[in-house]
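Student: Sequence plus the predicted model coming up.
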Amino acid sequence: MGAPGGGRWDFLEFTLATGGLRPPNLRVHLVIFYTLVVLLGILSMGFQLLASRLLNPFFGSSLIVWAWLISTFLAAFSVGSILGGWISNAPTSQRIRAQWIAGAVAVGSLAFTAFFGRAVLGQIEIAFTEITTGLLVACLGLFFLPVTTLSSFGPQCVQFLAGRGTPPGKASGLVYGVSTLGNIAGVMLTAFVLIPHLPVSTLLYLWLGVALVNLSCLIILLRPDKPAFSP
C-alpha cells in the first residue's frame, strides 16, 4: 500500500481488522495463535518418529519401511492441504462443521492408533506375508488419516491471518515457516528426549491428549465470529 510506518501500519490494519482489539490483547492472541501452529507442526512430524517405532517390532526399520512411511506422510500432507483449502473457502456454517469433523477424525484416528495400533499391526503381519503390501495397509490404516486431518488446519491458519489484514503471501509464509519450525522441534524433541525416556505407548497417549487440546483451541480461535480469544 506504500503507506508510511511500515510494520506499524500493518499492525494498525491488523488491529482494525480484528475489531479494534487493544495492542496488548492482540499480542496475546497472536502468541496463542503461533503457539498452536507450532504445536501442530510438532504433532505432525513427531508422530512420524512414533510411527516408525510402532512399526519396528513387526516390519523392522529398513529402507523400505522408511520409504513407505515417508511417502504416506507426504501423501497425507498433500491431501490435507487440499482439504484445508476447501474448508477455508466453504460457507461459514459448512466451514465450522467441517472443522469440528476434521478435529474429531484427527483425535479419533490418533486414539485408534494409540489403543489398538499394536493389535492391528499384529493382525496385518499375519494376514500379509509380503512386506510391501503389509506396510501399505499398516501405513494407510494407522497413520494416513490423522496426519491428513492435522494437515488440513494449515491452510485454515493462513486464511485466518489473510482475513485479518495480513497479505496472503506473507500469511502463507508466516504460517508454514512457523509450522516448519514446529516440525523440526517435533523431530528433535521426539528423537532425543521423548523416545529414549518414555515407552511409545505412553507417547501415543500424550500425542492424543495434546492433539485434543490443541485442535479444540485452534477451532475456537478460527471461528469467524471471534477473530481471536475474547478478552
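Tutor: Arrived safely, thanks for sending.
Student: how about the helices in the protein?
Tutor: 7-17, 23-59, 63-88, 92-127, 131-139, 145-151, 153-162, 168-189, 195-197, 200-221 (DSSP state H).
Student: Is it possible to get TSV of these that adds mean pLDDT and mean neighbour count?
Tutor: Where you see a C-beta, it was placed from the backbone N, CA and C, and this is true even at glycine. Supplementary listing: the helices of the chain in TSV, determined by pLDDT from 0 to 100; neighbours: other C-beta atoms under 10 Å:
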stretch	mean pLDDT	mean neighbour count
helix 7-17	43	14
helix 23-59	90	19
helix 63-88	96	17
helix 92-127	96	17
helix 131-139	95	18
helix 145-151	97	25
helix 153-162	93	23
helix 168-189	94	17
helix 195-197	95	11
helix 200-221	96	18
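Student: and the gap between the closest residue in space to residue 154 that isn't next to it in sequence and residue 206?
Tutor: Spatial nearest neighbour of residue 154, chain neighbours left out: residue 84 (5.7 Å); criterion: C-beta to C-beta, 6 or more residues apart in numbering. Separation of residue 84 from residue 206 (C-beta to C-beta, to the nearest Å) stands at 24 Å.
Student: OK, contacts around the residue nearest to residue 154?
Tutor: Residue 84 sits next to 151-156 when contact means C-beta atoms under 8 Å, 6 or more residues apart in numbering.
Student: any idea how far residue 204 is from residue 72?
Tutor: To residue 204, residue 72 is 17 Å away according to C-beta to C-beta.
Student: ditto for residue 178
Tutor: Distance, residue 178 to residue 204, by C-beta to C-beta: 25 Å.
Student: Equivalent analysis for residue 35, please.
Tutor: According to C-beta to C-beta, residue 35 stands 22 Å off from residue 204.
Student: And the residue lying closest to residue 76 once chain neighbours are set aside, how close does it get to residue 140?
Tutor: The shortest distance from residue 76 to any non-neighbouring residue, by C-beta to C-beta, 6+ apart, is to residue 147 (3.7 Å). Separation of residue 147 from residue 140 (C-beta to C-beta) stands at 11 Å.
Student: How about residue 196?
Tutor: Distance of residue 196 to residue 140, computed by C-beta to C-beta: 29 Å.
Student: then stretch 48-65 to CSV, C-alphas only?
Tutor: Output of stretch 48-65 as CSV, limited to C-alpha atoms (Å, rounded to 0.1, in the frame of the first residue of the first chain):
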residue,chain,number,x,y,z
GLN,A,48,6.3,-39.9,12.1
LEU,A,49,9.0,-41.0,14.5
LEU,A,50,6.5,-42.6,16.8
ALA,A,51,5.0,-44.4,13.8
SER,A,52,8.5,-45.8,12.9
ARG,A,53,8.9,-47.1,16.5
LEU,A,54,5.4,-48.7,16.3
LEU,A,55,6.2,-50.4,13.0
ASN,A,56,9.7,-51.6,14.1
PRO,A,57,8.7,-54.8,16.0
PHE,A,58,6.6,-56.0,13.1
PHE,A,59,8.4,-54.8,10.0
GLY,A,60,11.8,-53.6,11.2
SER,A,61,13.4,-50.3,10.3
SER,A,62,14.8,-51.0,6.8
LEU,A,63,14.9,-48.6,3.9
ILE,A,64,11.6,-49.9,2.5
VAL,A,65,9.9,-49.2,5.8
